[in-house]
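Engineer: Got a predicted model here, sequence first, then my questions.
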Amino acid sequence: MTVVLFLLKLVGIVLLVLVGLVLLLSLALLLVPVRYRIRGEAAQELTACSARICVSWLFHLIHFQLVLEKKELESSLRICGIPIGLGGEAEEGADAPGRRKKKKKRKTERKKKRNRRQRREKRVPAEESQSQRSAEEPQEKASAEESQSQRSAEESQGERSAAELQERRLSEVQTTGSETPEAERSAAEQTVEENGTKAVAERNQSEAFHPSADKTQDASRGAGKTKRGESGTGTAKQEAGEAPSSSEQEAASASENKKKRRRDRPSFSDKIRRIFGMIRKKWETLKEMVRRIGRRLHALWEQAGSVKAFLSRIREEIHREENRRALKAVLREIKYLIRHMGPKKISMQLTFGTIDPALTGKLVGLISTLPFFYRSQVQVIPDFSSEFFYLKGPFEIKGHARGVHAVLSALRLILDKNIRGILQRYRNS
């Protein structure tokens with residue numbers, strides 16, 4: 001029996017603790033205020049504006065923050081100091097400005113390192129190419145000097161061989177004395193041929209070592225030949241008188257073009273037909289436009305009839321005494337909520353200006369009639385010399401809202417007879 005009583009006691013204690021926790025939580029939700037704070041700074045350009053909205057409850061047990069800075073919107077939610085992602089992913093300290101700065105620094109450092117690596121990679125191939133060029137230049141110079149020395153040696157050998165051959169033949173001629181001038185001629189021709197073959201061989205060797213110079217020489221020679229050939233052909237054409245000149249060809253082509261234009265020109269009857277066709281097309285388009293306008297006006301007239309019926313129904317609903325009382329009750333509760341949940345502290349120091357100084361003065365007069373600006377720390381400074389509209393300056397708004405006020409206003413609206421009658425009427429309709 002004692003065991004059963006002990007168990008019942010434990011169950012009762014647990015139930016009482018749970019009921020107490022529920023009551024405590026409900027009282028916290030109703031009585032503990034939700035605090036909000038809005039800070040920001042207005043600027044002439046929209047991109048330079050910034051704002052920060054913070055909403056907290058129960059000593060920042062639940063903390064929500066929304067930051068707008070340079071057209072970038074960031075949001076964060078923390079429960080017991082633990083960041084929770086609003087989109088399903090955890091935001092690692094998105095609301096901490098120090099961490100954002102560190103991230104930006106890391107990104108900039110990474111970009112700098114990448115740029116340095118790219119510059120180094122660009123410098124290395126340039127240095128390698130320069131070193132290769134500097135290593136190849138002395139080799140080219142040595143090869144050029146060797147080729148020049150070889151040429152000079154070959155030329156000297158050719159001259160010596162030609163002189164030796166001439167001396168031998170002269171000695172043979174003197175000894176024999178029976179050779180004819182024809183034999184001398186043949187011997188001289190042979191020497192010339194030998195010298196020519198040697199010159200051709202030397203030229204081939206020089207082309208192998210220095211092809212660019214030989215190419216330029218051959219090009220100059222070919223150009224000279226072509227010029228001579230062109231001059232010869234031109235004189236031949238002038239003498240023959242067969243080919244026509246360029247001026248005659250141009251005159252012939254111009255006359256042919258004129259004839260084609262005359263043929264392509266439309267006649268008078270064709271022009272008249274085209275004009276009548278254009279007029280007919282314009283008339284058809286005008287007819288279609290008038291028809292469309294008529295259809296549109298007919299549709300608007302039908303819509304106006306339905307709008308008139310709707311407006312007349314709204315007027316009837318407004319003129320009903322029951323609806324007027326319900327509207328007064330709703331407005332009364334809205335005022336109650338604004339009074340208890342509205343901002344408690346407002347501080348601003350705003351400077352504004354418009355294009356027209358007269359308009360600026362009217363706005364200042366309108367603002368001065370509002371008691372809201374006298375109760376709070378608000379400074380409005382007009383700028384009568386500005387040439388464009390702007391609004392700039394810091395501002396801060398603080399306030400709190402309790403759930404009990406929202407619950408009370410909702411209960412009062414539900415218990416109102418007029419509002420319940422309107423709801424029943426709309427349900428039945």
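Structural biologist: Here it is on my side, so go on. Keep in mind that what you see is a predicted model, and the values were worked out from it rather than measured.

Engineer: contacts and neighbour counts: CA atoms only from here.
Structural biologist: OK.

Engineer: outside of stretch 390-401, which residues touch it?
Structural biologist: Residues from elsewhere that reach stretch 390-401, judged by Cα atoms under 8 Å, 6 or more residues apart in numbering: 33-44, 340-354.

Engineer: Show only the entries of those found in helices.
Structural biologist: His340, Met341 (DSSP state H).

Engineer: continuing past the helix or strand encompassing Leu66, what's the next helix or strand?
Structural biologist: Per DSSP states H and E: Leu66 is located in strand 62-69. Next helix or strand after strand 62-69 toward the C-terminus (DSSP H and E): strand 72-79.

Engineer: Just give the closest residue to Pro357, not the sequence neighbours.
Structural biologist: The shortest distance from Pro357 to any non-neighbouring residue, by Cα to Cα, 6 or more residues apart in numbering, is to Phe384 (4.9 Å).

Engineer: residues touching Gln377, list them.
Structural biologist: Applying Cα under 8 Å, 6+ apart, the residues near Gln377 are Lys345, Ile346, Ser347, Met348.

Engineer: Give the bridge partners for it, please.
Structural biologist: Beta-bridge partners recorded for Gln377 (DSSP bridges): Ser347.

Engineer: From Gly40, how far out is it?
Structural biologist: 15 Å (Cα to Cα, to the nearest Å).

Engineer: now do Leu370
Structural biologist: On the measure of Cα to Cα, Leu370 and Gly40 end up 23 Å apart.

Engineer: Could you do Leu408 as well?
Structural biologist: The value you get for Leu408 to Gly40, if Cα to Cα is used, is 33 Å.

Engineer: follow-up on the earlier one: backbone dihedrals for the residue nearest to Pro357, please?
Structural biologist: Dihedral pair for Phe384: phi -80, psi -10, per degrees, to the nearest 10.

Engineer: Count residues in the vicinity of it, would you?
Structural biologist: Neighbour count of Phe384, defined by other Cα atoms under 10 Å: 16.

Engineer: Run through the residues that contact it.
Structural biologist: Contacts of Phe384 (Cα under 8 Å, 6+ apart): Gly353, Thr354, Asp356, Pro357, Thr360, Gly361.

Engineer: For the closest residue to the second one other than its chain neighbours, grab phi and psi.
Structural biologist: Translated: Thr354. Take Thr354 and drop its neighbours on the chain: the residue closest to it by Cα to Cα, 6+ apart is Phe389, 4.2 Å away. With angles defined as degrees, to the nearest 10, Phe389 sits at phi -80, psi 130.

Engineer: which ones are touching Phe389?
Structural biologist: Phe352, Gly353, Thr354, Ile355.

Engineer: Surely Ile397 is in a strand?
Structural biologist: Yes. Counting by DSSP: H, G, I helix; E, B strand; the rest coil, Ile397 is located in a strand.

Engineer: For the protein, give me the ranges with low pLDDT.
Structural biologist: Applying pLDDT under 70 to the chain flags the ranges 86-100, 124-140, 158, 162, 169-246, 262, 429.

Engineer: Now the residue nearest the centre of it. Nearest residue, chain neighbours left out?
Structural biologist: Centroid-nearest residue in the chain, with Cα atoms, centre = their mean: Lys71, separated by 16.2 Å. Nearest residue to Lys71, sequence neighbours excluded (Cα to Cα, 6+ apart): Thr47, at 5.9 Å.

Engineer: how deep is that neighbour tucked in, by neighbour count?
Structural biologist: 12.

Engineer: how much space between it and Leu30?
Structural biologist: Applying Cα to Cα to Thr47 and Leu30 gives a distance of 40 Å.

Engineer: what does Lys345 give?
Structural biologist: From Lys345 to Leu30 the distance is 22 Å (Cα to Cα).

Engineer: same check, this time on His60
Structural biologist: Taking Cα to Cα, one finds His60 at 16 Å from Leu30.

Engineer: what about Thr354, how many neighbours?
Structural biologist: Around Thr354 there are 20 residues (other Cα under 10 Å).

Engineer: Against Phe373, how distant is it?
Structural biologist: Counting by Cα to Cα - Thr354 and Phe373 are separated by 20 Å.

Engineer: Repeat that for Trp57.
Structural biologist: 29 Å.

Engineer: about what we covered before: please narrow the contacts of stretch 390-401 to those residing in strands.
Structural biologist: 34-42, 343-353 (DSSP state E).

Engineer: Buried ones among these?
Structural biologist: Neighbour counting with 16 or more other Cα atoms under 10 Å marks 34-42, 343, 346-348, 350-353 as buried within the ones in strands among the contacts of stretch 390-401.

Engineer: List phi and psi for the residue nearest to the centre of the chain.
Structural biologist: Residue torsions, per degrees, to the nearest 10, at Lys71 are phi 60, psi 20.

Engineer: Sort out which residues of the helix or strand where Leu27 lies are buried, please.
Structural biologist: Taking DSSP H and E as the definition, one finds Leu27 inside helix 2-31. Buried residues in helix 2-31, counted by 16+ other Cα under 10 Å: Ala28, Leu29, Leu30.

Engineer: Can you verify my assumption that the last one contacts Leu408?
Structural biologist: Looking back up the chat, that one is Leu30. No. Taking Cα atoms under 8 Å as the definition, Leu30 is not a contact partner of Leu408, at 10.3 Å.

Engineer: Any figure for the gap between the residue nearest to Thr354 and Phe352?
Structural biologist: Computed as Cα to Cα, the Phe389 to Phe352 distance reads 7 Å.

Engineer: And for Ile84?
Structural biologist: Per Cα to Cα, Ile84 is found 40 Å from Phe352.

Engineer: Equivalent analysis for Ile414, please.
Structural biologist: Applying Cα to Cα to Ile414 and Phe352 gives a distance of 45 Å.

Engineer: on that earlier part again, out of the contacts of Gln377, which one sits closest to Ser156?
Structural biologist: Met348 (104.8 Å; Cα to Cα).

Engineer: show me the contacts for that closest one.
Structural biologist: Gln377, Val378, Gln379, Val380, Gly393, Pro394, Phe395, Glu396.
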